[in-house]
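Chemist: sharing a sequence plus its predicted fold:
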Amino acid sequence: MAQTTTYPTRNMGAPAARQDGRLKVTGQARYAADIAVPQPAHAHLVTSAIARGRVAGFDLQAARAVPGVLEIFTHENIGTIREETFFGAGGAASNSLRPLASPEIHYAGQIIAMVVADSLEAAQEAAARVAVAYDAESPTAGFDDPGAAEKPVTAVDESHEDPQTGDAEAAWEAAVTKIDGLYATPPQHHNPMELFSTTALWEGEQLTIYEPSQWVYGLKHGVARQLGIDPSDVRAVSPYVGGAFGSKATVTPRTAIVAQAARKLGRPVKLVVTRAQGYTTASYRAETRHRVRLAADGSGKLTAYLHEAWELTSRMDPYFNAGTDNTVVMYDSPNIWTRVNIVTADRNTPGFMRSPPEVPYMYALEAAMDELAVALAMDPVELRRRNDTMTSPISGARFTSRSLMQCYDAAAASFGWSERDPQPGSMRDGDWLVGWGCATATYPTQMSPATARIRLQPDGHVRVQVAGHDVGTGAYTVIAQQAAESLGVPLDKVEAELGDSDLPPGPVAGGSITTASVCSVVKQACEAINRKLSGGASAAPQDIAAAFENLDQAVIEEYAEWSPPSVGASGPRAMYKGGLKIVGGPMDDKVMFAFGAEFVEVRVHRLTREIRVPRITGAFAGGRIVNPRTARSQYLGGLVWGIGSALHEATEIDRAAARYVNDDISEYLIPVNADIQDVDIIMVPEVDEEVNPAGVKGIGELANVGTAAAIANAVYHATGIRIRELPIRLEKLL
Ligand code: MOS
């Protein structure tokens with residue numbers, strides 16, 4: 001059945017189809033592992049079976065006997081690979097261990113050897129025959145296991161401050177209506193459709209890396225530093241990415257090993273990491289715990305908000321999200337206290353996963369807000385309204401715009417929230433208990449400096465070049481739309497070129513910063529072109545060909561740099577060296593966030609406790625929406641992910657071995673089509689000229705925030721059972 005979608009138009013661009021859509025569905029889009037290189041050798045990783053201890057020795061005889069094996073690389077023969085700083089400490093690496101540096105084992109799944117052979121089959125066969133003797137020590141798997149070490153983040157990172165104001169402890173003690181809840185979120189792993197691959201090709205001193213990447217400049221410079229070579233000799237290429245969400249943002253240990261092997265063998269080497277090995281090769285979302293205390297006066301005004309959190313990380317690296325930086329500006333409260341702690345265990349270093357701080361921290365806060373609404377006998381939407389604020393309760397800085405309650409009003413009306421009977425268990429449909437719940441979605445508006453080169457021809461053809469990335473989000477199209485609009489040409493005349501470190505540096509495709517940052521620099525470069533064409537005006541000329549007649553050049557090419565005002569020219573300078581400067585969210589002088597409101601209906605079967613989500617409504621405001629069609633896809637994907645986060649996703653850990661158990665996509669549960677029914681997406685128009693020249697807030701990580709709380713709150717409404725630990729599976733409701 002043909003389906004038509006109508007899009008709102010205020011402060012929204014055209015709902016253009018993706019420029020890369022046809023290439024992708026016809027197989028013409030070449031992903032990293034598809035790119036043909038001459039005579040590649042094939043690599044296969046061998047990873048540690050133990051989580052703590054050391055390799056006592058290898059027996060490689062049987063592996064070397066496999067016909068076609070070229071070399072087996074271990075710490076004994078890989079040669080020098082230098083240290084690259086952990087990204088949390090300013091480098092590009094996913095963890096601070098030097099790849100294949102020593103026999104020491106820090107986590108199960110650590111790369112301990114790599115077989116390279118003439119064929120993939122030979123490499124796989126030989127890898128299976130690598131015999132490893134270990135000196136194993138008893139590992140720590142995570143929270144509550146012997147050896148888990150807890151520290152406040154302030155003890156490991158002097159730049160971190162836990163936001164607080166007033167005397168929250170005293171206010172909470174004195175309050176009549178208050179709640180005190182412990183919430184927990186599980187480890188979650190990336191399972192992008194496109195596996196993690198690396199192909200390394202040397203041409204003399206020049207190294208080309210084909211690897212799916214959210215940050216080609218980080219990859220180029222990080223690997224150059226690891227190999228001790230000039231970064232101008234390294235090119236990282238990643239035109240298409242088949243799912244990333246944070247897992248392809250940093251430099252994982254595999255890349256330098258593959259490049260080193262290719263150099264030693266004098267032949268291109270291609271590695272495709274297996275699905276299971278991806279669980280420990282790339283990043284993941286570690287488990288978190290939260291104690292949230294809220295107190296309110298009789299009118300529902302918050303009088304205290306206390307939030308202490310614990311995040312699991314590795315022994316090597318203090319990765320933390322500290323989502324309290326953002327949760328403290330959600331609602332007005334005179335008294336706020338927060339503390340974030342890390343707990344170290346023998347695990348691989350966690351990292352970015354879609355809305356890294358907001359998903360766990362907003363789950364805890366929004367579940368607690370629902371508990372407070374119940375304690376106050378107040379409608380949960382009304383509780384948010386009473387505590388809505390246009391300024392940060394911590395700093396007093398104002399929101400540049402905040403449309404949270406407009407989102408609630410739009411979503412509530414569409415959902416039919418006014419029909420809700422607040423009594424838990426009161427709404428039934430035959431054998432099904434019906435529950436309605438809601439929660440706030442939010443994501444900080446963040447930006448990075450960006451540079452771009454744009455060429456305009458008299459016939460109106462435009463080429464935009466920036467080493468940004470389309471990670472499946474629609475960035476090619478959205479960036480081209482910005483250029484088309486600013487230059488006054490049709491979209492089909494604009495071609496954007498992304499994902500190649502030979503292009504001028506663009507932002508990491510993380511933190512939902514691409515559209516805001518790249519559209520801002522593209523707009524600036526286009527205005528410079530217009531000024532040249534028209535002798536001063538930044539608006540596009542009516543007739544480009546005629547305007548060229550007055551110039552003494554055949555085409556115009558402009559290079560531009562844009563930085564958020566607080567960063568300035570130091571930003572692009574850092575980016576040319578593979579650095580990052582991301583700013584946004586709560587800043588000293590202003591606070592920038594996108595918001596949403598999500599309403600869900602759950603049905604819990606009276607007897608089996610099977611949980612279904614027949615409908616979900618999300619209303620979102622994110623400043624200017626350059627393309628409502630690709631934006632809608634981002635919201636849709638986010639809501640689906642949120643449902644998975646609430647009901648399905650969790651990585652199970654063998655606690656004695658500190659190993660992931662369900663490291664495949666048959667046992668790592670995610671929603672399938674049958675789990676997703678009605679999804680209602682509303683775009684609330686919002687104009688914010690202050691955030692950046694493009695007026696864009698960034699929405700890629702907005703919709704999957706708060707969904708888990710909305711579902712948990714709906715499950716409570718259906719059953720009267722408050723589940724405070726995700727995922728919510730039927731056995732928890734028995
Ligand atoms: Mo996203 S988790 O910021 O790549």
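Modeler: Good, I have the coordinates.
Chemist: ok, the closest residue to the ligand within the stretch 501-650 of the chain - contacts?
Modeler: Across the stretch 501-650 of the chain, no residue is closer to the ligand than G510, which sits at 3.4 Å (C-beta to the nearest ligand atom). Placement of C-beta: from N, CA and C, glycine included. If you count contacts by C-beta atoms under 8 Å, 6 or more residues apart in numbering, G510 has them with 214-215, 246, 249, 352.
Chemist: give the contact list for the residue of the chain found nearest the ligand.
Modeler: With C-beta to the nearest ligand atom, the shortest gap between the chain and the ligand falls at G246, namely 2.8 Å. Residues in contact with G246 (C-beta under 8 Å, 6+ apart) are 190, 214, 283, 351-354, 356, 510.
Chemist: equivalent analysis for E497, please.
Modeler: The contact partners of E497, by C-beta under 8 Å, 6+ apart, come to 463-466, 503.
Chemist: kindly recompute the last result at 10 Å.
Modeler: Going by C-beta atoms under 10 Å, 6 or more residues apart in numbering, E497 touches 239, 453, 463-468, 476, 479, 503.
Chemist: next one: E121
Modeler: The neighbourhood of E121, defined by C-beta under 10 Å, 6+ apart, consists of 42, 44, 66, 68.
Chemist: report the secondary structure state of the residue of the chain closest to the ligand.
Modeler: What DSSP: H, G, I helix; E, B strand; the rest coil gives for G246 is coil.
Chemist: can you redo the contacts of G246 as JSON lines with distance to V381 and pLDDT?
Modeler: Putting the contacts of G246 into JSON lines (distance: C-beta to C-beta, whole Å; pLDDT from 0 to 100) gives the following:
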{"residue": "H190", "distance to V381": "34", "pLDDT": "96"}
{"residue": "Q214", "distance to V381": "36", "pLDDT": "98"}
{"residue": "S283", "distance to V381": "35", "pLDDT": "92"}
{"residue": "G351", "distance to V381": "35", "pLDDT": "97"}
{"residue": "F352", "distance to V381": "32", "pLDDT": "97"}
{"residue": "M353", "distance to V381": "29", "pLDDT": "98"}
{"residue": "R354", "distance to V381": "26", "pLDDT": "98"}
{"residue": "P356", "distance to V381": "27", "pLDDT": "98"}
{"residue": "G510", "distance to V381": "32", "pLDDT": "97"}
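Chemist: in strands, which of those residues appear?
Modeler: Of the contacts of G246, none are assigned to strands by DSSP state E.
Chemist: make TSV out of these and add distance to N530.
Modeler: Shown next, in TSV, are the contacts of G246 (distance: C-beta to C-beta, whole Å):
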residue	distance to N530
H190	42
Q214	32
S283	42
G351	41
F352	37
M353	41
R354	37
P356	39
G510	31
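Chemist: emit the ChimeraX select command for whichever of these are buried.
Modeler: A single ChimeraX command selects the buried members of those (16 or more other C-beta atoms under 10 Å):
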select :190,214,283,351,352,353,354,356,510
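Chemist: where's the spatially closest residue to A525 that is not a sequence neighbour, which helix or strand?
Modeler: Of all residues not flanking A525 in the chain, A560 sits nearest, at 3.7 Å (C-beta to C-beta, 6 or more residues apart in numbering). Element membership for A560, per DSSP states H and E: strand 556-562.
Chemist: just checking: what are the partner strands of that strand?
Modeler: Sheet partners assigned to strand 556-562 using DSSP bridges are listed as strand 450-456 (antiparallel).
Chemist: pLDDT (mean, whole number) over the partner strand?
Modeler: What strand 450-456 shows for mean pLDDT is 98.
Chemist: now do stretch 513-526
Modeler: For stretch 513-526, the per-residue pLDDT averages 98.
Chemist: what's the spacing between the nearest residue to the residue of the chain closest to the ligand once chain neighbours are set aside and T26?
Modeler: Leaving aside its chain neighbours, G246 sits nearest to F352 (2.8 Å; criterion: C-beta to C-beta, 6+ apart). Going from F352 to T26 by C-beta to C-beta, to the nearest Å gives 31 Å.
Chemist: can you give me the helices in the stretch 601-734 of the chain?
Modeler: 628-647, 707-719 (DSSP state H, counting those that start in this stretch).
Chemist: so which of the ones you listed is the most surrounded?
Modeler: Across those, averaging neighbours per residue (mean count of other C-beta atoms under 10 Å) puts helix 707-719 on top, at a mean of 28.
Chemist: check which helices and strands it sits against.
Modeler: Packing partners of helix 707-719 (3 or more C-beta pairs under 10 Å, 6 or more residues apart in numbering; DSSP states H and E): strand 177-185, helix 358-376, helix 380-386, strand 427-429, strand 432-444, strand 593-605, strand 611-621, helix 628-647.
Chemist: after the strand holding A560 comes which helix or strand?
Modeler: The element immediately downstream of strand 556-562 (helix or strand, assigned by DSSP H and E) is helix 570-575.
Chemist: and the next helix or strand after that following helix with the ligand, contact?
Modeler: Using DSSP H and E, the helix or strand that follows helix 570-575 in sequence is strand 583-584. No: residues of strand 583-584 are not located near the ligand by C-beta under 6 Å from any ligand atom, the shortest gap being 11.9 Å.
Chemist: the residue nearest to G246: what's it in contact with?
Modeler: F352 makes contact with 87, 94, 190, 214, 244-250, 282-285, 319, 321, 508, 510-511, 701, according to C-beta under 10 Å, 6+ apart.
Chemist: which ChimeraX command selects the buried ones in these?
Modeler: To isolate the buried members of the contacts of F352 in ChimeraX, using 16+ other C-beta under 10 Å:
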select :87,94,190,214,244,245,246,247,248,249,250,282,283,284,285,319,321,508,510,511,701
